[in-house]
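A.B. asks: This is the structure alone, sequence omitted:
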């Protein structure tokens, strides 16, 4: 890849990229630990997730600051401009994913102190799918691979479907056993957080497509109705 | 412009086989590294290029359907229809502000009684009238650089051209004077077609609706300015606008 003639500018963009990847790696680890803590009923592991979130929050501020600096001082164009706008928007999604990992970990800590509840396979599959989506979205960013990013979008539908199946299963649990209601609601929150997490990964994947191809693929349904009304 | 090539001497090629249609009543920017042929192309558009001794051209540039390089076309008449403003303001140093604007009118035989009116409207169009109306008889050299450049624009506008060519019109000016010129360019496109050559990509992005990228005499990419600066299709354009050149 050709480098920028201005080495300082090149270095700024590299730093931004590294910051972004570091947060990506951190968030990926957080979500992995939060889910593992849920399934293993490991309170210690759950509590460690909140610690990492502080670093994610700090890094979000750093990324924002660096993006503003590059925009103000370098007036980036073309792929550089798309990268900086990507970073500005995608960092918000990453930070939210980090928050959701903390939410999952909090519920995991509570659940670990209560008698175990039956874990339906749907929750495990949702967790695996969402984790893989995040991993692949970050890979697509690194490899500038819009096709791989596009592929992630279709996987969000599977997560949504599993969520609703799991939701109905928990409803039955709650109807049959009143003592399980509180725990079932906590578990339902875990599922809801994973479902939201997958939505944020979808945003991330859409932004990768924009960064690579310069094509905004968000909100296709709204666009269709806009075209129809002319 | 169809199959247009031009050079400064035998064997020298400034621009090669340029094919482009310039949007009427809009601003088109030509960008590219030094020596890419952008000024040659601009100077060809009003036949100023041929003022260099061994200069040559091939192909055609049409304005309203007629070839500017056709036989029997008077280059002086072309320059009346296609005005030009240069990098450094070049008012006539011995003439007053008023006479600078009226210079072209005198040459074209416009009567003195009509001239005053045209001078006023041209200075107004160039957004300079309010600053100079009380000192029209004073020397143009007493004006600031930015005012002198607007005076040159007024002088070009006085002969009522259809096209205005601008070669780096703000590169010798401070940011405020540059902003005034850019604001003026926005206003001018209501009445005429503007083509600007600029080294400043930000300026091209700010003032133009279409941008042409030239490299080593070739037209590499020509598209809406927004596309050139957000998602150009050609790798060399991408490298140039992102600063990855040489």
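C.D. replies: Structure received. Worth saying up front: this structure is predicted, and the values here are computed from it rather than measured.

A.B. asks: Give the buried residues for stretch A:203-216.
C.D. replies: By 16 or more other C-beta atoms under 10 Å in any protein chain shown, the buried positions in stretch A:203-216 come out as A:203, A:204, A:205, A:206, A:207, A:208, A:209, A:210, A:211, A:212, A:213, A:214. Using the backbone N, CA and C atoms, a C-beta is placed for each residue, glycine as well.

A.B. asks: between these, which is closest to chain B?
C.D. replies: residue A:214 (3.1 Å; C-beta to the nearest C-beta).

A.B. asks: Surely that closest one and residue B:233 touch.
C.D. replies: No. The pair residue A:214 / residue B:233 is not scored as a contact, 9.5 Å apart, by C-beta atoms under 8 Å.

A.B. asks: ok, residue A:72 to residue B:175 distance?
C.D. replies: As judged by C-beta to C-beta, to the nearest Å, residue A:72 and residue B:175 stand 15 Å apart.

A.B. asks: Please give me every residue in contact with the residue nearest to residue B:13 when sequence neighbours are not counted.
C.D. replies: Closest residue to residue B:13 apart from its sequence neighbours, by C-beta to C-beta, 6 or more residues apart in numbering or on different chains: residue B:7 at 4.7 Å. By C-beta atoms under 8 Å, 6 or more residues apart in numbering or on different chains, residue B:7 lies in contact with B:13, B:14, B:55, B:56.

A.B. asks: how far away is residue B:7 from residue B:80?
C.D. replies: Residue B:7 is 26 Å from residue B:80, by C-beta to C-beta.

A.B. asks: do residue B:130 as well
C.D. replies: Counting by C-beta to C-beta - residue B:130 and residue B:80 are separated by 28 Å.

A.B. asks: okay, those two: which has more neighbours?
C.D. replies: The neighbour count for residue B:130 versus residue B:80, taken as other C-beta atoms under 10 Å in any protein chain shown, is higher for residue B:80 (17 against 9).

A.B. asks: before we move on, what SS does the more buried one have?
C.D. replies: Using DSSP: H, G, I helix; E, B strand; the rest coil, the structure places residue B:80 in helix.

A.B. asks: Could you list the low-pLDDT ranges of chain A?
C.D. replies: Within chain A, the segments meeting pLDDT under 70 span A:1, A:224-230.

A.B. asks: Single out the residue in chain B that lies closest to chain A.
C.D. replies: For chain B, C-beta to the nearest C-beta, closest residue to chain A: residue B:231, 3.1 Å.

A.B. asks: check contacts around the nearest residue to that residue once chain neighbours are set aside.
C.D. replies: Of all residues not flanking residue B:231 in the chain, residue A:214 sits nearest, at 3.1 Å (C-beta to C-beta, 6+ apart). Residues near residue A:214 by C-beta under 8 Å, 6+ apart: A:79, A:82, B:230, B:231.

A.B. asks: How about residue B:186?
C.D. replies: B:27, B:207 are the contacts of residue B:186 under C-beta under 8 Å, 6+ apart.

A.B. asks: Let's see the pLDDT reported for it.
C.D. replies: For residue B:186, the pLDDT comes out at 94.

A.B. asks: Okay, buried residues for the host helix or strand of it please.
C.D. replies: Under the criterion of DSSP states H and E, residue B:186 resides in helix B:175-188. Within helix B:175-188, the residues that count as buried by 16+ other C-beta under 10 Å are B:177, B:178, B:180, B:181, B:182, B:184, B:185, B:188.

A.B. asks: can you check stretch A:11-24 too?
C.D. replies: For stretch A:11-24, by 16+ other C-beta under 10 Å, it's A:12, A:13, A:16, A:19, A:20, A:23, A:24.

A.B. asks: I'd assumed residue A:6 was in contact with the second one.
C.D. replies: This means residue A:13. No. Contact criterion C-beta under 8 Å: residue A:13 and residue A:6 do not qualify, at 10.1 Å.

A.B. asks: Give me the neighbour count for the nearest residue to residue A:77 once chain neighbours are set aside.
C.D. replies: Distances taken as C-beta to C-beta, 6+ apart place residue B:241 nearest to residue A:77, at 4.2 Å, with adjacent residues excluded. Counted with other C-beta under 10 Å, residues neighbouring residue B:241 total 26.

A.B. asks: tell me which parts of chain A are close to chain B?
C.D. replies: A:2-6, A:9, A:75-82, A:213-214 (C-beta under 8 Å from any C-beta of the partner chain).

A.B. asks: Please repeat the previous calculation with a cut-off of 7 Å.
C.D. replies: Contact residues (C-beta under 7 Å from any C-beta of the partner chain) of chain A with chain B: A:2-6, A:9, A:75, A:77-82, A:214.

A.B. asks: ok, residue B:228 touching residue B:238?
C.D. replies: No. In this structure residue B:228 lies outside contact range of residue B:238 using C-beta atoms under 7 Å: 9.5 Å.

A.B. asks: which one of those two has more residues nearby?
C.D. replies: More neighbours surround residue B:228 than the other of residue B:228 and residue B:238, with 29 against 20 (other C-beta under 10 Å).

A.B. asks: and the residue lying closest to the more buried one once chain neighbours are set aside, which of the three is it?
C.D. replies: The shortest distance from residue B:228 to any non-neighbouring residue, by C-beta to C-beta, 6+ apart, is to residue B:211 (4.4 Å). For residue B:211, the assignment made with three-state DSSP gives strand.
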